[in-house]
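This is the structure alone, sequence omitted:
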């Protein structure tokens, strides 16, 4: 459905989302570590059993200043990644959430950063070989596992207004609920401008939330400072 036109425009949902994401990632690359994963994966891949619906693994690990690599992934131009897959009837975001869970569960040591999964989609999880209840249960189970690892899930719904009881609306509620008060769990967008506004709101709130001090320490005189973003040292200019 991402290759359907966005509303009454002549531009596909995918193209609108790709352009908006690429711009937002470039803007916030110094303040947020971005990674990338896409779905669905090619059903002809050996790692995707015949008759099932799969997602690709995390092809770009979250890092600062990696907007070029991420944008190449988003725009389907990165020869090191899987590229964008051909259109199909399946939207296995349940498999994508499971891949994100697998990625974070194998980090050693676990990250100390605030972690978010931004799920960009235009439909509920689906796979032609499974029922809606099966794909939804799979998505909620993966989201619950992510929540236990303190991963926050935000849904950016592209040209689709999910009902409050839809599977897509339920997914973020199974993640870690420690979202900034100014961040919604589901962002339904009905126009390209909605999408850009939503991304700015999400990323701005995440960046601000990461820079809040819970207390003001007393700094001894003549102290040498080291500044970190997560576990990365910020070099002096």
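Perfect, thanks for sending it. Since this is a predicted model, take the numbers as computed values, not measurements.

Which residue ranges of the protein form helices?
Per DSSP state H, the chain carries helices over the ranges 13-28, 67-74, 93-105, 132-148, 167-170, 192-210.

tell me what the shortest one is packed against?
Using 3 or more C-beta pairs under 8 Å, 6 or more residues apart in numbering; DSSP states H and E as the contact criterion, the secondary-structure elements in contact with helix 167-170 are helix 132-148, strand 151-158. Glycine gets a C-beta too; all of them are placed from N, C-alpha and C.

relative to helix 93-105, how tilted is the longest one?
Pointing back at helix 132-148 there. 20 degrees (axes from the mean of the first three to the mean of the last three C-alpha atoms, to 10 degrees).

Let me have the helices of the chain in JSON lines, extended by mean neighbour count, mean pLDDT and distance to residue 61.
Below are the helices of the chain laid out as JSON lines (neighbours: other C-beta atoms under 10 Å; pLDDT from 0 to 100; distance: least, C-beta to C-beta, whole Å):
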{"stretch": "helix 13-28", "mean neighbour count": "20", "mean pLDDT": "94", "distance to residue 61": "14"}
{"stretch": "helix 67-74", "mean neighbour count": "21", "mean pLDDT": "91", "distance to residue 61": "10"}
{"stretch": "helix 93-105", "mean neighbour count": "22", "mean pLDDT": "95", "distance to residue 61": "8"}
{"stretch": "helix 132-148", "mean neighbour count": "19", "mean pLDDT": "96", "distance to residue 61": "16"}
{"stretch": "helix 167-170", "mean neighbour count": "20", "mean pLDDT": "96", "distance to residue 61": "26"}
{"stretch": "helix 192-210", "mean neighbour count": "18", "mean pLDDT": "91", "distance to residue 61": "18"}
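
Which of the ones you listed sits closest to residue 46?
helix 93-105 (15.7 Å; C-beta to C-beta).

neighbours of the closest residue to residue 144 other than its chain neighbours, just the number please.
Nearest non-adjacent residue to residue 144, counting by C-beta to C-beta, 6 or more residues apart in numbering: residue 174, 4.4 Å away. Per other C-beta atoms under 10 Å, the neighbour tally for residue 174 reads 19.

coming back round to it: out of the helices and strands packed on helix 167-170, which is closest to residue 69?
strand 151-158 (20.6 Å).

Summarise which helices and strands that closest one is packed against.
helix 13-28, helix 93-105, strand 115-121, helix 132-148, helix 167-170, strand 186-189, helix 192-210.

Tell me which residues are up against the fifth one.
Residues outside helix 167-170 that contact it (C-beta atoms under 8 Å, 6 or more residues apart in numbering) are 93, 121, 123-125, 132, 135-136, 139-140, 155, 157, 160, 162-163, 186.

do the same with the last one
Under the criterion C-beta under 8 Å, 6+ apart, residues 6, 9, 11, 16-17, 20-21, 23-24, 27-28, 31-32, 113-114, 116, 118, 154, 156, 158, 180, 182-183, 187, 189 lie in contact with helix 192-210.
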